[in-house]
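**Student:** requesting a structural model of the entry that follows:
(chains A, B, C and D)
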There are 2 protein chains.
Amino acid sequence: MNEGTRVDMAGDDVCKTVCVHKEAVDAVKQCMVGDNTLRELAELFKVLSDHTRIRILHALLHAELCVCDLVDVLDMNQSAVSHQLRVLRTAKVVKYRKEGRNVYYSLDDDHIFSLLRDGMDHVME
Amino acid sequence: MNEGTRVDMAGDDVCKTVCVHKEAVDAVKQCMVGDNTLRELAELFKVLSDHTRIRILHALLHAELCVCDLVDVLDMNQSAVSHQLRVLRTAKVVKYRKEGRNVYYSLDDDHIFSLLRDGMDHVME
DNA sequence: TGAATGTATGAATAGGTGTTCATATGAATG
DNA sequence: CATTCATATGAACACCTATTCATACATTCA
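**Tutor:** So this is what the prediction gives:
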């Protein structure tokens, strides 16, 4: 069929920009994973994209801590910390364990370690 | 009365929550990297936390593409794509190369690969 | 049981962010 | 030079999010 840089089949080139490298674009479209997966991925990064939550995770990198420990480490409102812990919990980025009236938090799995480390590498280079 | 779990030196425990595990908390505080670094880390993740930007990066994972290629792949406004490319550029997550009137984008370095892969691993588990 | 304490949560609010629209820039082409 | 086309950018608006305040829940202890 047509070769080169033309797109005229789908009728969705509403705008005039038509410089597409068809082969490359088609190849990329093939490789694209499901949109839901990419949505979840963005969601995961969103969970890691807050200063407070990053500080929580960085603290948990070194030890399991209860909420009031975190309140002390971060020097923040208990409410604010709890709210952010909820976000981390919901995203399964941390796990928790109740003991008496305390709740102890820790990182959920090793992927989180890797993510934080890779992120650090990029930031510090 | 209570031993070991006291904090009364710094005077900043304005709220009544005082169940802190002092040793653990102090150890964690020792290990904490500079706040600016953590801020940059959160900033990096924030750049990765948008659906459109993740789709762009996932596309660039497979090939260098120009803006209008991305417009086609994502089926989006050229303006929206350009805006997001700017965010990625500014964060040094992608690099670009001008050739004629086209601008070709690609991932900046391997850390980005690692981040995306680790993120995928976590999402797909 | 009631008081004290650790944690969670709903509502409100201020600040941030992504998309769209309109327009600018800048390189190629005739 | 004027035009065309690829890309960038500023402003506006709607949506989302993090913190605070107040309060609820749950567990321990007297």
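**Student:** and the longest helix along chain A, how far from the chain's centre?
**Tutor:** If you go by DSSP state H, chain A has its longest helix at helix A:110-124. Centroid separation for helix A:110-124 versus its chain: 12 Å, with Cα atoms, centre = their mean, to the nearest Å.
**Student:** likewise stretch A:36-46?
**Tutor:** Stretch A:36-46 sits 6 Å away from the centroid of its parent chain (Cα atoms, centre = their mean).
**Student:** please apply the same query to stretch A:66-75.
**Tutor:** Using Cα atoms, centre = their mean, the mean C-alpha position of stretch A:66-75 is found 23 Å from that of the whole chain.
**Student:** does it come close to DNA strand D?
**Tutor:** No - Stretch A:66-75 lies out of reach of DNA strand D by Cβ under 7 Å from any atom of the strand, never closer than 8.8 Å. C-beta here means a position set from N, CA and C on the backbone, and glycine is covered the same way.
**Student:** export that stretch to CSV, keeping only CA atoms.
**Tutor:** Provided in CSV are the C-alpha atoms of stretch A:66-75 (Å, rounded to 0.1, in the frame of the first residue of the first chain):
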residue,chain,number,x,y,z
CYS,A,66,4.5,3.7,63.4
VAL,A,67,2.4,6.8,62.6
CYS,A,68,3.7,8.9,65.5
ASP,A,69,7.3,8.0,64.6
LEU,A,70,6.6,9.4,61.2
VAL,A,71,4.9,12.4,62.7
ASP,A,72,8.2,13.1,64.6
VAL,A,73,10.5,12.3,61.7
LEU,A,74,8.6,14.5,59.3
ASP,A,75,7.7,17.1,61.9
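**Student:** residue numbers of chain A in contact with DNA strand C?
**Tutor:** So chain A meets DNA strand C at A:66-68, A:71, A:78-79, A:82-83, A:85-86, A:96, A:101-103 (Cβ under 7 Å from any atom of the strand).
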